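Q: sequence and predicted structure, then a few things I'm wondering about:
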Amino acid sequence: MTGAARYIGYLFILPYLIFLGLFLAFPLGFAVWMSFYDYFFAAPSAQVERPFLGLGNYSELLLKDDTFHTALGNILVFIAVNVPLTVVLALVLAAALNAKLPGQAFFRTSYYLPYVTASVAVVAVWGYLFFSDGLVNLVLGGLAPHPSWLVNEFWAMIVIAMLVTWKQLGYYVLLYLAALQNVPRQLYEAADVDGAGTLGKFWNVTVPGLRPVTLLVVILSTIIGANLFTEPYLLTNGGGPVDQTLSPILYMYQVGIEQADAGYAAAIGVTMSVIVLGIAAAQRFVLERE
Amino acid sequence: MTAGKTLTPAGRRRTLGRVVGFLVLCFGAFLFVFPFYYMVVGALQAEPDSGISGAFPSPGDLSLTNFQSINERVPLFRALFNSVVYTGGVILGTLIIGVLAGYALSQLRWRGRSLVLNLVLLTLIIPFQLLMIPMYVLIVRGWGLGDSYLGMILPFLVNSTAVFIFRQFFMQLPEDMLDAARIDGAGELRILARIVLPLSRPAILTAALITFIGPWNEFLWPFLVTKKAELQPLAVALANYISAVAASTANPFGAILSGAVVLALPPVVLFIIFQRYFVESETSASLKE
């Protein structure tokens, strides 16, 4: 290898590293730094004081800010509906797809469609389905909730959780489907010898065999859930009714962009990241223990 | 299953399992496809009928007037053009950066390579939303790139999935062929352009398709960057229309749904045509993490 050839690798990786530094590493550090200051926007030319607050933003956020606590509670409701629903439905659909039944290609395609569709388009049709005179209420008749789904303090977040489950499910179905190919055949044959039925095999062979993917699905759907923004922003008019669908990221947008309090918003971002990483680590610990 | 053939209990249970499985799949498909059907049907009714009969309109009641009315309220072609420039810019930049980085991480030897490879994987878990505020301060406030295509495009060029797709593909290329070119004195850039890229069409197509759905569907970032309507991509323009009319118009759904159809159509069509490329890489990339 000549002298120049030894360094060509750095030259090729350089553009990626520059962008990584500018648009990932720097904002990451900047977010943490900003969260310790009273950092707000001012007119471009104005010289402004941005006093150091230490942990001031964090103590305000964690101890005093009721809106943030509401948003955290909302996202917990979202995750409690979305994550179990995602795991169960993805697992069942993947197992059914794996049985090599007729029409498999069509089913697989149809489950994946929402995943490639823009949230804004999905919200448009869900809004049409779930508004007070919408098809869902007309089909349900007397069983429809009052007030209607999206203006109902109890149901609004649950509808959003179902929407996101529906939108993302195809991706997880494919993850499970890929993993199903790796569950050892012999385990099913052994279960056959033991006289296990379809359900027994599903429960005793398939489910344990897919544990690593289940972990991945749980963690990914938790992270995606914690980043909820577009759906409450559009479907429930910016977090309504009475803040019951306000997500932490939507709150961060309101504080940081609309109210120009970037330092406080950055503290929300850092806090959320710590919480999400903590939840992911806990999920990993629980699901890998056995 | 032939009629009249006697089945063992286990065989009967197997058949029952398959029937139940098939019904589950059909029910699932209905839940997944119906909203798309309903979106198209609603878009084609001048005054969308949200009742049960509205889901099955007679062909005579269908018209394209909603597409006209959304076009009057949102500059539809301008918004589509913005989406194309934004998405095209992201794809172009991602492919250039991704090919170079993927080549460096697979075919070239240099100190720190495995460290950078781990870094690529690490970036996949950093949520964009955490970076939203500092990125806004940097790009819009600091660099003055608000209301510009560049401001929309730049943060999307750190695309580790694309880097990973190229790396995996380049690793499978026959070593001998590249070494032969090196012995002939060809430079790495020349090898990449003349030998590697012509062989890499499937990887390029996969990376381009997967990159496409990101910016095309993205709402939050271009929404923060663009305040001028002339520069908003379709997702942003439609979202602004939805939040503006939701309260004020009597039956805004026709126009909204026709906008949604235009927004949803390109990714859905691309996905149906090129499924193979989407699916293989998406699942394999995440399972290898």
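A: Happy to help now that I have it.
Q: okay, now stretch B:42-55: how far is its last residue from its first?
A: 8 Å (C-alpha to C-alpha, to the nearest Å).
Q: touching chain A at all, stretch B:147-165?
A: Yes - looking at stretch B:147-165 against chain A by C-beta under 8 Å from any C-beta of the partner chain, the contacts come from B:154-155, B:157-158, B:163. The way it works is simple: take the backbone N, C-alpha and C, and place the C-beta from them, glycine included.
Q: mind putting those into a markdown table with distance to B:I210 and neighbour count?
A: Below are those laid out as a markdown table (distance: C-beta to C-beta, whole Å; neighbours: other C-beta atoms under 10 Å in any protein chain shown):
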| residue | distance to B:I210 | neighbour count |
| --- | --- | --- |
| B:L154 | 19 | 23 |
| B:P155 | 17 | 22 |
| B:L157 | 14 | 23 |
| B:V158 | 15 | 26 |
| B:V163 | 12 | 29 |
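Q: counting contacts, what elements does the helix or strand harbouring A:R6 pack onto?
A: Using DSSP states H and E, the element containing A:R6 is helix A:3-20. If you count contacts as 3 or more C-beta pairs under 8 Å, 6 or more residues apart in numbering or on different chains; DSSP states H and E, helix A:3-20 packs onto helix B:76-106, helix B:113-123, helix B:188-191.
Q: would you tell me which helix is longest in chain A?
A: helix A:66-98 (DSSP state H).
Q: what mean pLDDT does that one get?
A: Taken as a whole, helix A:66-98 carries a mean pLDDT of 96.
Q: buried stuff in that helix?
A: A:68, A:70-72, A:74-75, A:77-79, A:81-83, A:85-87, A:89-98 (16 or more other C-beta atoms under 10 Å in any protein chain shown).
Q: now narrow the residues you listed to whatever sits close to chain B.
A: Restricting these to those touching chain B (C-beta under 8 Å from any C-beta) yields A:89, A:92-93, A:95-97.
Q: going by distance to chain B, which of the residues you listed wins?
A: Of all these, A:A96 has the smallest distance to chain B: 4.1 Å, by C-beta to the nearest C-beta.
Q: please name the nearest non-neighbouring residue to the closest one.
A: B:G21 (4.1 Å; C-beta to C-beta, 6 or more residues apart in numbering or on different chains).
Q: wait, the one you found sits on A:A99?
A: Yes - contact criterion C-beta atoms under 8 Å: B:G21 and A:A99 qualify, at 4.8 Å.
Q: these two: who's more crowded?
A: Comparing B:G21 with A:A99 by other C-beta atoms under 10 Å in any protein chain shown, the one with more neighbours is B:G21, at 20 against 16.
Q: give me the element that one is part of.
A: Counting by DSSP H and E, B:G21 is part of helix B:9-44.
Q: ok, the most centrally placed residue in chain A - contacts?
A: Most central in chain A under C-alpha atoms, centre = their mean is A:I224, positioned 1.5 Å from the mean C-alpha point. Contact analysis of A:I224 by C-beta atoms under 8 Å, 6 or more residues apart in numbering or on different chains lists A:164, A:168.
Q: at 7 Å what do you get?
A: A:Q168 (C-beta atoms under 7 Å, 6 or more residues apart in numbering or on different chains).
Q: again with B:A239
A: A:120, A:234, B:219, B:223.
Q: pLDDT for these - can I get that in JSON lines?
A: Formatted as JSON lines, those follow (pLDDT from 0 to 100):
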{"residue": "A:V120", "pLDDT": "97"}
{"residue": "A:L234", "pLDDT": "94"}
{"residue": "B:F219", "pLDDT": "96"}
{"residue": "B:F223", "pLDDT": "96"}
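Q: okay if I get these as CSV plus neighbour count, secondary structure and distance to B:I195?
A: CSV is the format used below for the contacts of B:A239 (neighbours: other C-beta atoms under 10 Å in any protein chain shown; DSSP: H, G, I helix; E, B strand; the rest coil; distance: C-beta to C-beta, whole Å):
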residue, neighbour count, secondary structure, distance to B:I195
A:V120, 29, helix, 42
A:L234, 23, helix, 48
B:F219, 20, coil, 41
B:F223, 23, helix, 43
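Q: nearest to A:Y264 among these?
A: Nearest to A:Y264, judged by C-beta to C-beta, of the contacts of B:A239 is B:F223 at 20.6 Å.
Q: surely the closest one meets B:V236?
A: Yes - counting by C-beta atoms under 7 Å, B:F223 touches B:V236, with 4.9 Å between them.
Q: let me see the contact set for the residue of the stretch 101-250 of chain B found nearest chain A.
A: Nearest to chain A, among the residues of the stretch 101-250 of chain B, is B:W110, at 3.2 Å (C-beta to the nearest C-beta). Neighbour list for B:W110: A:9-10 [criterion: C-beta under 7 Å, 6+ apart].
Q: where's it, which helix or strand?
A: Per DSSP H and E, there is no helix or strand for B:W110.
Q: mind checking pLDDT for residue 230?
A: Answering for chain A, as no chain was given. pLDDT, read off for A:T230, is 94.
Q: um, chain B though
A: On the pLDDT scale, B:E230 gets 93.
Q: same check on the one 4 residues further on?
A: Here, the pLDDT recorded for B:L234 equals 96.
Q: distance check, A:A124 against B:I256.
A: 5 Å (C-beta to C-beta, to the nearest Å).
Q: now the common contact residues for the two.
A: With C-beta under 7 Å, 6+ apart, A:A124 and B:I256 have common neighbours B:I242.
Q: residues touching the residue of the stretch 101-250 of chain A found nearest chain B, list them.
A: At 3.3 Å from chain B, A:T198 is the closest residue in the stretch 101-250 of chain A, using C-beta to the nearest C-beta. Shown in contact with A:T198 (C-beta under 7 Å, 6+ apart): B:13-14, B:17.
Q: mind running it again at 10 Å?
A: Counting by C-beta atoms under 10 Å, 6 or more residues apart in numbering or on different chains, A:T198 makes contact with A:95, A:99, B:10, B:13-18, B:20-21.
Q: can you tell me which of the residues you listed is closest to B:V85?
A: Nearest to B:V85 out of these is A:A95 (C-beta to C-beta; 43.3 Å).
Q: is it correct that that closest one is in contact with B:G21?
A: Yes - with contacts counted by C-beta atoms under 10 Å, A:A95 reaches B:G21, the gap being 7.6 Å.
Q: quickly find the element holding A:L215.
A: helix A:211-226.
Q: report the inter-axis angle for that helix versus helix A:66-98.
A: Relative orientation of helix A:211-226 versus helix A:66-98 (axes from the mean of the first three to the mean of the last three C-alpha atoms, to 10 degrees): 140 degrees.
Q: of all the ones next to chain B among the buried residues of helix A:66-98, which two lie farthest apart?
A: A:L89 and A:L97 (12.1 Å).
Q: identify the contacts common to the two.
A: Common neighbours of A:L89 and A:L97 (criterion: C-beta under 10 Å, 6+ apart): A:111, A:173, B:24, B:28.
Q: now those as JSON lines including neighbour count?
A: Below are the shared contacts of A:L89 and A:L97 laid out as JSON lines (neighbours: other C-beta atoms under 10 Å in any protein chain shown):
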{"residue": "A:Y111", "neighbour count": "28"}
{"residue": "A:V173", "neighbour count": "28"}
{"residue": "B:V24", "neighbour count": "19"}
{"residue": "B:G28", "neighbour count": "21"}
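Q: mind picking the one among the residues you listed that's closest to B:F271?
A: A:Y111 (11.7 Å).
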